[in-house]
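Novice: sharing a sequence plus its predicted fold:
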Amino acid sequence: MKGMIQVYTGNGKGKTTAALGLALRALGAGKSVLFLQFLKAPTYSEHKILPQLAPQLTVENVGKPFFIAPEGMMSEEDKAKWGDSVVIFTPGNPPADYQALVEKGMARAKEAVSSGEYDLVVLDEINVALHFGLITWPQLEALLDGKAQGTEVVLTGRGATPELIAKAHLVTEMKEIKHYYTDLGLEAREGIES
C-alpha cells in the first residue's frame, strides 16, 4: 500500500486530536506508529496514556514547557495573560535551545519517514515550526521526498504553507466558527485541550 501525505491545518481546534484518532486506527490495524511532537513538552494528558496503548506506538517530543511566538504575533493583552509561558523572539532569530530541539526533531523525522520502520509517522505541530521559520520549506520538502513508499505521513499545525498544501495528497482545514476560549474566556481544560 502506498503511503500518502496528509496535512491537518487551520485555526480551529482538533488537528492533534484528529492525528491521534488516525494513530489509534492504525494501531488497531496492527500498524507501527511514530507520533513525533514538535514545539510541545510531554505535559498534555495524552502523554499519560499513549505509552500504555500498544508496543508498536512510539511517542517522542521535541519541545519545552513554554511556547514561542514571533514578535507581532500576540497582542499585549495575550502576552500578559501567558506571562512566562511564552517566549517572544524576533523573526529569524528564534531561541537557540528551541532551534536545536527542532533540528534534532527534523533529523529524527527524516530517519523515521525514510526508514520504512513505521507505517504511520505523525509530525505534530511541524507546520508551526515551518511557519515560524524554525525549519525551511526545502528541508521539509527533502524529508517528504525521501519518504518510504509505504509510510503514511501526517503533518499538523496552523499555518500550513501553500507549498506544503500543494505537496500533500490530503489537506483538512479545521475552521474555527466559535470557541469558548474567546467567546467565554475559558482556559485550556485538562483532558479536553491539555
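Specialist: That came in fine, so what should we check first?
Novice: where's the residue nearest to Val171 when sequence neighbours are not counted, which helix or strand?
Specialist: Counting by C-beta to C-beta, 6 or more residues apart in numbering, Val171 lies nearest to Val7, which is 4.6 Å off, once chain neighbours are set aside. Placement of C-beta: from N, CA and C, glycine included. Taking DSSP states H and E as the criterion, Val7 maps to strand 5-9.
Novice: over to Ala109?
Specialist: helix 96-115.
Novice: angle of that helix against strand 5-9?
Specialist: With axes from the mean of the first three to the mean of the last three C-alpha atoms, to 10 degrees defining the directions, helix 96-115 sits at 150 degrees from strand 5-9.
Novice: what's helix 96-115 packed up against?
Specialist: Helix 96-115 is packed against strand 33-38, strand 57-62, strand 120-124, helix 126-131, helix 137-145, with contacts defined by 3 or more C-beta pairs under 8 Å, 6 or more residues apart in numbering; DSSP states H and E.
Novice: the same query, at a cut-off of 10 Å, please.
Specialist: Judged by 3 or more C-beta pairs under 10 Å, 6 or more residues apart in numbering; DSSP states H and E, the packing partners of helix 96-115 are strand 33-38, strand 57-62, strand 67-70, strand 86-89, strand 120-124, helix 126-131, helix 137-145, strand 152-156.
Novice: next SSE downstream of the last one?
Specialist: The C-terminal neighbour of strand 152-156 among helices and strands, as given by DSSP H and E, is helix 162-167.
Novice: ok, the first one next?
Specialist: With elements assigned by DSSP H and E, the helix or strand that comes after strand 33-38 is helix 46-53.
Novice: same thing with the third one?
Specialist: Of the helices and strands lying after strand 67-70 in sequence (DSSP H and E), the nearest is helix 76-82.
Novice: elements contacting that following helix?
Specialist: Contacts defined by 3+ C-beta pairs under 10 Å, 6+ apart place helix 76-82 against strand 67-70, strand 86-89.
Novice: good, wrapping up.
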